[in-house]
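Task: produce atomic coordinates for the following.
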Amino acid sequence: MSYHWNWGIFFEPNPMGTGTYLDMLLSGLVLTLKTAALAWVIALIFGSVVGVMRTLPSKAATWFGFCWVEFFRNMPLLVQLFLWYFVLPELLPRSAGLWLKQLPNAPFWTAAIGVGFFMSARVAIQLQAGIGSLPRGQRMAATALGLTTVQGYRYVLLPMAFRIILPPLTSEFLNTIKNTAVAITIGLVELTGQARSMQEFSFQVFEAFTAATILYLLVNAVVVTAMRFLERYVAIPGYITGK
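Here you go, the predicted structure:
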């Protein structure tokens, strides 16, 4: 193999005039983290609401939760991003469609919302499983104390359910970070996009994507470590992960 390795390429100026190639990758990493963070907030909020709805006795709530999960879980993320970015503006009234097309940082907002909705279906399933794994006596105890349905979920069921599903939620958060790479298809130049730009400018494909891989691994290692500390912090002694 006659490939010319050049690990010093990271410290050479990039053609964009924004510093070195390493600066390019780091700027992409920052955008990846911003997109993933916003997407995860959206996924947690909507996923929690939908997950609770799937456990309510109301048929309407259960049906809405079922439709939400099946729609966002069974459609590929790439297709969903294309729908939000290219199709939705054409379906809206002309003024609203033009506003969406001219929205500053449209790829960022589309990616964050699209990935957030996609991951919300997975969070909803995890939360439904967590609530379903709780003893029936907890729900009955909340009712016996005179708590309303909202109060029962707020003070009794959800605090325990979220403790149970913290490990799978960690995996879903990692998936959210990795899923942001798909947004390169709608023009979001995050870490993967910057690695591709570096490869096109310098023709050092192995160096570019090796560095991107290392950055992804470092971010994921930090997330896993932080979530382990969080699991220990919120653990209840004698219950689940508590000691």
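
Sketch out the low-pLDDT regions of the chain for me.
1, 238-243 (pLDDT under 70).

repeat that for 90
1-8, 14-19, 57, 89-90, 92-105, 133-150, 156, 164, 202-204, 231-243 (pLDDT under 90).

Can you identify each of the helices in it by residue range?
21-53, 59-74, 77-82, 88-91, 94-101, 106-132, 136-144, 149-152, 158-164, 166-179, 191-202, 205-234 (DSSP state H).

In a markdown table: these, plus distance to residue 9 and mean neighbour count.
Where C-beta positions appear, they are placed from N, C-alpha and C, glycine not excepted. Listed next are the helices of the chain as a markdown table, based on distance: least, C-beta to C-beta, whole Å; neighbours: other C-beta atoms under 10 Å:
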| stretch | distance to residue 9 | mean neighbour count |
| --- | --- | --- |
| helix 21-53 | 6 | 21 |
| helix 59-74 | 40 | 15 |
| helix 77-82 | 30 | 17 |
| helix 88-91 | 39 | 13 |
| helix 94-101 | 37 | 12 |
| helix 106-132 | 27 | 23 |
| helix 136-144 | 58 | 13 |
| helix 149-152 | 57 | 14 |
| helix 158-164 | 45 | 18 |
| helix 166-179 | 25 | 19 |
| helix 191-202 | 5 | 21 |
| helix 205-234 | 6 | 14 |
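
Of all these, which one comes closest to residue 5?
Among the helices of the chain, helix 205-234 comes nearest to residue 5, with 7.2 Å by C-beta to C-beta.

Would you mind pulling up the elements that the closest one packs against?
helix 21-53, helix 166-179, helix 191-202 (3 or more C-beta pairs under 8 Å, 6 or more residues apart in numbering; DSSP states H and E).

Need these in JSON lines (columns: distance to residue 234).
As requested, the helices and strands packed on helix 205-234 are exported to JSON lines (distance: least, C-beta to C-beta, whole Å):
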{"stretch": "helix 21-53", "distance to residue 234": "15"}
{"stretch": "helix 166-179", "distance to residue 234": "7"}
{"stretch": "helix 191-202", "distance to residue 234": "30"}
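
Can you say which of those is nearest to residue 63?
helix 21-53 (9.1 Å).

how far off helix 106-132 does the closest one point, in degrees?
Angular relation of helix 21-53 and helix 106-132 on a 0 to 180 degree scale: 40 degrees, by axes from the mean of the first three to the mean of the last three C-alpha atoms, to 10 degrees.

Just want the angle from helix 21-53 to helix 205-234.
Going by the same axes, to 10 degrees, helix 21-53 makes 40 degrees with helix 205-234.

contacting residues around the most centrally placed residue in the chain?
In the chain, the centroid-proximal residue (C-alpha atoms, centre = their mean) is residue 176; its distance is 3.0 Å. The neighbourhood of residue 176, defined by C-beta atoms under 8 Å, 6 or more residues apart in numbering, consists of 36, 39-40, 43, 115-116, 119.

with those in mind, which one is nearest to residue 77?
Out of these, the member with the shortest distance to residue 77 (by C-beta to C-beta) is residue 115, at 6.9 Å.

Check the separation of the first and last residues in stretch 148-162.
20 Å (C-alpha to C-alpha, to the nearest Å).

what's next to it, contact-wise?
Taking C-beta under 8 Å, 6+ apart as the rule, stretch 148-162 contacts 48, 52, 56, 127, 130-131, 133-134, 138-139, 141-143, 147, 169.

got the contacts of residue 176 as TSV, with distance to residue 17 columns?
TSV is the format used below for the contacts of residue 176 (distance: C-beta to C-beta, whole Å):
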residue	distance to residue 17
36	27
39	30
40	33
43	36
115	30
116	33
119	36
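
Excluding residues flanking it in the chain, which one is nearest residue 44?
residue 123 (6.2 Å; C-beta to C-beta, 6 or more residues apart in numbering).

surely that neighbour meets residue 48?
Yes - between residue 123 and residue 48 there is a contact under C-beta atoms under 8 Å: 6.9 Å.
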